[in-house]
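K.L.:
Sequence first, predicted coordinates after that:
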Amino acid sequence: MSRDESIIARVAREVLSGRDANREDLLDCARLAGEAQGHYKLLYHANQIRVKHFANTVRLCAIGAGKVGACSEDCKWCAQSAAFPPGRTPAELASTGDLSALACSARRNRASSFGIVNSGLKPGETDFHAVLDALGQIKSDAHGEMRLCASLGALTADQAAELLAAGVTRYNHNIETSERMYARMVTTHAYQDRLDTLTIARDAGMSLCVGGIFGIGETWEDRIDMGLTLRDDIKPDVTPLNFLTPIPGTPLAGAEPLAVREILNIIAMHRIMLPTTDIKIAGGRETNLRDMQSWIFYAGATSILVGNYLTTEGRSADDDLTMIGDLGLMIVEEL
């Protein structure tokens, strides 16, 4: 084993023994993974860490759009921003019945969690009460068998308490990338605003679902620093990893797609940084990984988003369930 190859193995051994990897070693691992031999070694060790903490289990979750479009924020990757042509149409609100039907469909497809996602910096009074109504209907129709989640943007402490009382036990609010990269991608609110919302949600008693998006021009330093912020400061229960699908009319419409091998390296590096966190592969899975989707689990992923996304369609749930079964993985449906 060469010295370079031994770095990945040594870091993996440290993580398996319960020690955190340091930033310098993580950057070395990412650099080495850019070469074929290092790539496969990284995936091998990430899979060992996954198996230790999660065995052969996976979880499924689904989302439904409560409010789509006309977002006041200017996140450069997003089709819902009113700052760019795709998001300038009036916002659309889903009905209570539609959201409940989506939740029930997700449960039939073996998802154990369902989240309502709204566009916008923060929920207005009308939007917020519509979400509360939908949560009540979902609890009734799904007979309390699903974890309820929400992603509504910035919250007040009172709103967080109301969501918890309505049955929401997990809040999603992604930090997206490193703090320095975030300032290049979003100008209408600050990185610290996101951290503040996460504190409010956690203080209210909700667990956290926090991750980011890749393929927006970030470096490996940005990716590692985001992962370290998650590991050392936020400590989420779930980390969703999204991969850019360029949307015509947005500033990142012409972004160069990430190579499949690089996407797998991103997943594996997050497994090394977050050994006991449920790592969920979410937006961009189908378009970016294509025939290599099943490799996400070997790279360290432990859950996937099933069904459609907010503004784009996902793969059929039947195809995902077939893939999981073919891999011999066991779906955990308990909350």
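P.N.:
Cool, got the structure. The model shown is predicted, which means the values in this text are computed figures rather than measured ones. Residues are numbered from 1 along each chain as shown.

K.L.:
From here on, just use CA atoms for contacts and neighbour counts.
P.N.:
Noted.

K.L.:
which residue ranges form the helices in the stretch 51-200 of the chain?
P.N.:
Listed in chain order, the helices found in the stretch 51-200 of the chain under DSSP state H, counting those that start in this stretch are 96-108, 125-141, 157-165, 179-185, 191-204.

K.L.:
closest one to P86 among those helices?
P.N.:
P86 lies closest to helix 179-185 among those, at 17.2 Å (Cα to Cα).

K.L.:
Return the set of buried residues in the closest one.
P.N.:
E179, M181, Y182, M185 (16 or more other Cα atoms under 10 Å).

K.L.:
give the contact list for the third one.
P.N.:
With contacts defined as Cα atoms under 8 Å, 6 or more residues apart in numbering, Y182 is in contact with E176, Y191.

K.L.:
Next one: it, what pLDDT does it get?
P.N.:
Reading off the confidence values, Y182 has pLDDT 98.

K.L.:
circling back to that earlier point, distance to Y298 for the helices of the stretch 51-200 of the chain - can I get that in JSON lines?
P.N.:
JSON lines is the format used below for the helices of the stretch 51-200 of the chain (distance: least, Cα to Cα, whole Å):
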{"stretch": "helix 96-108", "distance to Y298": "25"}
{"stretch": "helix 125-141", "distance to Y298": "34"}
{"stretch": "helix 157-165", "distance to Y298": "35"}
{"stretch": "helix 179-185", "distance to Y298": "29"}
{"stretch": "helix 191-204", "distance to Y298": "30"}
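
K.L.:
do you know which of those lies nearest V238?
P.N.:
helix 191-204 (13.0 Å).

K.L.:
For the closest one, which helices and strands make contact with it?
P.N.:
Packed against helix 191-204 by the contact rule (3 or more Cα pairs under 8 Å, 6 or more residues apart in numbering; DSSP states H and E) you find helix 157-165, helix 179-185, strand 207-209.

K.L.:
Same list, these, but as CSV with distance to E286 please.
P.N.:
As requested, these are exported to CSV (distance: least, Cα to Cα, whole Å):
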stretch, distance to E286
helix 157-165, 32
helix 179-185, 24
strand 207-209, 21
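
K.L.:
which residues touch the residue nearest the centre of the chain?
P.N.:
Nearest to the mean C-alpha position of the chain, by Cα atoms, centre = their mean, lies P240 at 1.7 Å. Applying Cα under 8 Å, 6+ apart to P240 gives the contacts C209, V210, G211, G212, I279, K280, I281, A282.

K.L.:
So which of those residues is the closest to S6?
P.N.:
Lowest distance from S6 to the contacts of P240 (Cα to Cα) belongs to I279, with 25.3 Å.

K.L.:
same for the one helix or strand that closest one maps to, what does it pack against?
P.N.:
Using DSSP states H and E, the element containing I279 is strand 278-281. Judged by 3+ Cα pairs under 8 Å, 6+ apart, strand 278-281 is in contact with strand 238-243, strand 303-305.

K.L.:
Give the next helix or strand downstream of it.
P.N.:
Downstream of strand 278-281, the first helix or strand assigned by DSSP H and E is helix 285-289.

K.L.:
Next secondary structure element downstream of that following helix?
P.N.:
Downstream of helix 285-289, the first helix or strand assigned by DSSP H and E is helix 295-298.

K.L.:
Quick one: residues in contact with that following helix.
P.N.:
The contact list for helix 295-298 (Cα under 8 Å, 6+ apart) reads L43, Y44, A46, N47, L264, I267, I281.

K.L.:
Return the residues in contact with the second one.
P.N.:
What it means is Y44. Y44 sits next to Y298, A299 when contact means Cα under 8 Å, 6+ apart.
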